[in-house]
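Peer 1: Sharing a sequence plus its predicted fold:
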Amino acid sequence: MDLPRSSYYYVAKGEDPYNLELMRLTREHYTKRPFFGIRRMTDHLRRQGHQVNPKRVQRLMRLMGLEALYPKPRTSQAKGLSKDKLQICAVVKPARILLSSPSVPHQEDSP
């Protein structure tokens, strides 16, 4: 076996109680204000009297899967569709929808 002995016997410690308390406070405040990022969350915890730095808050937020809500770039544009591949939907009857491509002439089915 090509595994160092120290790696075989290694046991992770987990989080200490103070980090668990910071995680609880961060999650509580995140539910009230999900748009707070790492900097604002760090300021919030510091105002409450905790001595934390942004790296610690970033690690804990990443561990909990929290991410600030903010407008992502290019949110109003369709992804993966170019103008030549764009399909146009035309509603002919309420129960039937025709899909056509701009490069192919539109042909309607005979009933």
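Peer 2: Ah, there it is.
Peer 1: Confidence-wise, which helix or strand of this protein is lowest on average?
Peer 2: The helix or strand of the chain with the lowest confidence, counting by mean pLDDT, DSSP states H and E, is strand 88-93 at a mean of 49.
Peer 1: Tell me which helix or strand comes right after the longest helix seen in the chain.
Peer 2: The residue-count maximum for a helix in the chain (DSSP state H) belongs to helix 17-32. Downstream of helix 17-32, the first helix or strand assigned by DSSP states H and E is helix 38-47.
Peer 1: for that next one, packing partners?
Peer 2: helix 17-32, helix 54-64 (3 or more Cβ pairs under 8 Å, 6 or more residues apart in numbering; DSSP states H and E). All C-beta spots, glycine's among them, are computed from the backbone N, C-alpha and C.
Peer 1: Could you rerun that using 6 Å?
Peer 2: Applying 3 or more Cβ pairs under 6 Å, 6 or more residues apart in numbering; DSSP states H and E, we find helix 38-47 packed against helix 54-64.
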